[in-house]
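Q: no FASTA, just this:
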């Protein structure tokens, strides 16, 4: 007689309702702090599932204007699922962990509210593209003419910081903010009691909650624990090695992307969605020392879209699209030039600047650091996969055929 | 009776002797200037071959000490083959162009003489690794334990600048030098009459030569015309679209690499060699306007090594390996952290810091810009292809096995 | 105010309970016949989901002995979901269509009951391996030491045959059976009233049902309409062009595989599972003539596992593992030799013959037709992806390390 | 002063003049026989070069009619370079070995003189396509509209057979010939004293030469030692493990291909050329036993063209294009149907049947064995890489655009 060894499916440790506000839901939080208690505990080797809301906890992909993007409350992001404690994990260890709502969206934030890589250059006004998912593909009514296979991944996953590491983060980022003064867009995001959400708040002592709210690191940047690194290749099937900073490791994750381009340039640049992650963890005792681990390392998924034919744009560390200023070995400037060169090319084909900007953010474009030694110019490339376009976009003797692709979703006042 | 339609092989327009000094050889030059006369002229569609010396014009891969690296005369680099004029090319047009000495080398330059990405961090002393070519593979007596397929490419290829563009280059780079003062290593390289080599000097009026020597742009950085972009994917079989700035286009090329990692971090980082290029050109009239071309764009080679299994290292824009300083969305700093994380890992396996530094420069490692929007931290990844190692380097429960890989070639005074 | 344009998820047209017998469930059938009425009708362009039971309709992956494999009733297979009619499809048109239970299994059938490629050579006794799915990966307690990413696909998908085409099938296959006599295993499977299942039987006139039961083509082989072609690359994201033989096209599908090797050699060779397919269709009028379509053609998924490092085994059309007989340009014999060479190699590593046989059937191995012109020997290769093994299996100077991998699930009488 | 450690390039052990008859040249032979003496001996680990003539030893790629194909003397093929003995190699060991004239050709042989896969179906008359090499690409004046990167490889490489193995070959192939009677085209090629070429004949005793001429195995098929397997993936950078049958191993090679499709269907189907191979060998004592080696195994090159987008054609084991006969699990018939389906499609685009036949033979098409278990139909696929075509060949709603691609080179009497 058979045993029903397989009849238990993998347990879902955190369940969310992506159609409701994140704030009423347990198992979610939106700050990094060692004192946020684990919501669930797993044994190494156990397979489990975690559900995540869309990073804003809103349903931005579900309507066709972009006022929701315009008015997004940045104090609330990113809504993470967790923390998940792993039995036996201790500081200095290494933690080794690793599916989907049928739509998502990509947005450009307002210059004054979130920004993006070209917030200043484009004097950004809120707009968005909604993407429909058909099996493994995404298409958009707002960016017609393209269709691509998704490389789903959590934009944000990380272990909890120790108190010391948290203090280091707040100190160094605070100093940058202080040096910058009233920068628009903001250079960094300090702790902020507004918008804090700790799903397990009810079980916390009041002073602990206050401490977390006051000190908790915002989730915007990636840091030593991983965090919001937005690495598109950390997709389904990856194996990641995270440094452990506190007992139990306390892994949290969220900001699921259906697809993203290298650079995620429009900030809300990936195709943002809610979804479910399936993971399994193990612990390597003393892994931080064994592997010289200052930041996570990972083995990427063996599964990847095979868009081998590409058109590649170069960029160097000179503001060629702006004031012509020469920078000193600056890969960020070089990346921006490569992206601006690509946007200019896509506009020749008929896309609006906003469509091109959103497309580069969402599609599986690849950006390589070519060289960062040929003083003074860093060289960065951006590769546009030809297979995502429904028509031939290659350079032709007779020039490029310009089509009418309409426009992406814009704010209700019609201003772009 | 057969006709000998194919009996003419493709003509070699520039022949060099890689075993002799570049200075006595015609068809070579080492500055960018519109007045450098074309050495040969081709018709669009004609297939031709161009031989190139090693970028230094020296034979550095041919002996086991590294004094040649230590004393390299930077005023002389890069020795380019050309210019090749294309009949009918005029400013605003777009030029569309694109085999091997059985050894090469990778070097670390002295802090005071050329530098490299980690010149300061490592207080660099000259050292090098010599690579032996066996068919498509490179191996090195100085970095045992690895073997990889080469992705041969010219590190440097570009059209001649117009007088206006040349002036812009000299102005903006001069300003950077002026702002920096006495930086070590140098931030940029101004025109320098020392070391100038124009192979066709004998046919030039004295004042024209003097002008070129005085104004001619150094070949170190990549610029709007392409130049020293060191893009490893611009390899055999690529099709590149160059902007044309002067009548005839005057294409020059050199700095052949057998292999290079994304970033080419040790400056003399690729596997440098002499070799032969086979090219064919065509002209797209008005291509600059048609394709919004501020810099070259290209279709990469369909042929690429398939090292699909990788170990990926993250880096963020904080000097984690140094003083912990927080930078503002700095992809160069993030690239450096990813590289330093990788070097630290390779040292756990037994490579010296210099070996690791050289290996990352020469092997087909890939560096992606992960995200440049999550303020304040840019995130850059560096992927180590597992297939190039003769043994398993993956993270293991029991830690990494440390081997003795010796040391790379060092300077005759033995100082590292 | 937002409109809820996206709030309707894609409709599931056929729902099944994979834990119950297929026979009581509507929307399923297990014969090919033009008179099987469409279960549902879709419009071109509509996105819909189809649920499928495991091809046997049993729960073979759910217990650890293999008596279920031994006693499988071949008159009942394959349970297909459908038919789905497409509005407007007419004969001569071309139909263009294209997720998951957490376990599956791979089986070897008894020589007398289904067989398999090596049924005679191995005198096959029923045995099986159960595979557990963890995210995108499959592992098996019965074949330890391997782990691979799945390439999910329907082994069986096709349009309904016309009465003429059905008659042709039955005639030509009947003739083969007649010529063979009492072959074991059977060379082909004639219509059989036993085991027939037409989910919509209740709505059929008695004589129509009798006709279908009597004439309906068994689902075992692939034919002109597609059918059981077991092509692993027809995976998620493919676009397939099917010839249309009857009005409405009547598309049916089933036999979902989590993964399969080229050749699916053990017959029940893929990782068999139940699951859900998401599809969308369109019609190209007159497509059969336009594309010279005698059989389906397809664009494969852009997503595929990147197991680039492989060990490749050759096979030629001589029965080297058997009686040494020379065949005349026989690619099937060559395929078998390549597979037997691979199995012999895997046995040197420690796998049993049955484990190796099942592994080649289930893992993403690739088999290429090398050459079919070098008389008298066809040459076929079989490539074993190295990345699916947890340890290094490459040929070594010192030979191969033999491990103990246990044994796969065997029949309750213990005979293998 | 530098030491010239690298100044010795790898030695060329066999030099040939591809513009002269192979018969006057030493280091060449065209039969397999253990008594053919080694032409050169190498030490394990030594890197060396071997030059090869085109397999016919003629210059077929050098004129535009196809009488040379029509009249090719099959008693003379293939001209191999070798044998190369390896010091220390003994029977039972395993031998581990592994660049270019600027044109090549692909030919269809006459039905009565060599044939090809479709010799009967097409009642083949001699014709050919000449290919021009531009860097890594091949183009043909006879098959316009395509351009692809070459995957250069020796179609033929193998160790010398022992006397016993040779006798086995001659016996089994002789029996096949005997059973077939007067087949056209021939099913196999028995030893033939006509056309024998042993480059070292002058140094052989007369009776030894006579023995070789009388018994020596023809080079047409691949066999247990490797030989003419025509595996396109055995390209530059491969590592192959050959069984050793006689002391010294006596490795020979030739039949260089610039490119070839899986199947090489027109017999003279690859792009045939002369060229140079660079190799290095080592010996694994007792490797045959260690690796269960009945035939060579190999690690393919890490370098391969990335033509990821493909259009795939199915074929089953029924002669759908002919008399509709049902075969019993016949992968050769299935391969042929897939190829005929592809040819029919290419003819819709405007290629002649001969152009399509030659193109499938020469271009990097891939053929996979889909399934060989679904009785009675084997299923084989053939994948056409879209990236080799200069225009879009995908199925379109409006049908395929038919162009005029002229015709390939035909025989001087104009009969096709």
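A: Right, received. Where do you want to start? Computed from a predicted model, the values in this text were never measured in an experiment.

Q: buried set for stretch A:350-369?
A: A:350-369 (16 or more other Cβ atoms under 10 Å in any protein chain shown). The way it works is simple: take the backbone N, C-alpha and C, and place the C-beta from them, glycine included.

Q: Among those residues, name the ones in strands.
A: A:366-369 (DSSP state E).

Q: right, and out of these, which lies closest to chain D?
A: residue A:366 (13.0 Å; Cβ to the nearest Cβ).

Q: hang on, that closest one packs against residue B:366?
A: No. The pair residue A:366 / residue B:366 is not scored as a contact, 9.1 Å apart, by Cβ atoms under 8 Å.

Q: Leaving out the residues flanking it, which one is nearest to residue A:166?
A: Among residues not flanking residue A:166 along the chain, residue A:217 sits closest, at 5.8 Å (Cβ to Cβ, 6 or more residues apart in numbering or on different chains).

Q: ditto for residue A:141
A: That would be residue A:130: by Cβ to Cβ, 6+ apart, it lies 6.5 Å from residue A:141.

Q: Okay, now the sheet partners of the strand or helix carrying the one you found, with direction.
A: Residue A:130 belongs to strand A:127-134 when assigned by DSSP states H and E. According to DSSP bridges, strand A:127-134 forms sheet pairs with strand A:103-108 (antiparallel), strand A:137-140 (antiparallel), strand A:409-410 (antiparallel).

Q: Determine which stretch of those is the most buried.
A: strand A:103-108 (a mean of 31; mean count of other Cβ atoms under 10 Å in any protein chain shown).

Q: Please list the residues outside that one that contact it.
A: Applying Cβ atoms under 8 Å, 6 or more residues apart in numbering or on different chains, the set of residues contacting strand A:103-108 from outside is A:54, A:60-62, A:66, A:69, A:72, A:116, A:122, A:124-133, A:138, A:257-258, A:266-273, A:354, A:357-358, A:361-362, C:6.

Q: Repeat the analysis, applying 7 Å as the threshold.
A: Strand A:103-108 is contacted from outside by A:60-61, A:66, A:69, A:116, A:124, A:126-133, A:258, A:266, A:268-273, A:354, A:357-358, A:361-362, C:6, using Cβ atoms under 7 Å, 6 or more residues apart in numbering or on different chains.

Q: again with stretch A:360-368
A: A:106, A:131, A:146, A:148, A:151, A:232, A:259-266, A:269-271, A:305, A:307, A:335, A:338-339, A:342-343, A:380-385, A:388, B:262, B:366-369.

Q: Among the residues you listed, name the ones in strands.
A: Counting by DSSP E, the contacts of stretch A:360-368 contribute A:106, A:131, A:148, A:269-271, A:305, A:380-385, B:366-369 to strands.

Q: Can you pull the domain assignment for chain A?
A: The record's domain parsing of chain A by automatic domain parsing lists A:12-299, A:310-410.

Q: could you dump those to JSON lines with mean pLDDT?
A: Below are the domains of chain A laid out as JSON lines (pLDDT from 0 to 100):
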{"stretch": "domain A:12-299", "mean pLDDT": "84"}
{"stretch": "domain A:310-410", "mean pLDDT": "92"}
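
Q: do you know how far the residue lying closest to residue A:180 once chain neighbours are set aside is from residue A:179?
A: Spatially, and ignoring its direct neighbours in sequence, residue A:180 is nearest to residue A:187 (4.6 Å; Cβ to Cβ, 6+ apart). Distance of residue A:187 to residue A:179, given as Cβ to Cβ, to the nearest Å: 8 Å.

Q: Between the two, tell me which one has more neighbours.
A: residue A:187 (19 against 11; other Cβ atoms under 10 Å in any protein chain shown).

Q: thinking again about what came up before, of all the ones in strands among the buried residues of stretch A:350-369, which comes closest to residue C:28?
A: residue A:366 (43.9 Å; Cβ to Cβ).

Q: ok, back up a step: so the residue nearest to residue A:166 bridges to which residues?
A: Under the criterion used (DSSP bridges), residue A:217 bridges to residue A:32.

Q: Now do it against chain B, distance only.
A: 12 Å (Cβ to the nearest Cβ, to the nearest Å).

Q: what's the answer for residue A:213, then?
A: On the measure of Cβ to the nearest Cβ, residue A:213 and chain B end up 21 Å apart.

Q: quick one: which helix or strand includes that residue?
A: Residue A:213 belongs to helix A:206-215, assigned by DSSP H and E.
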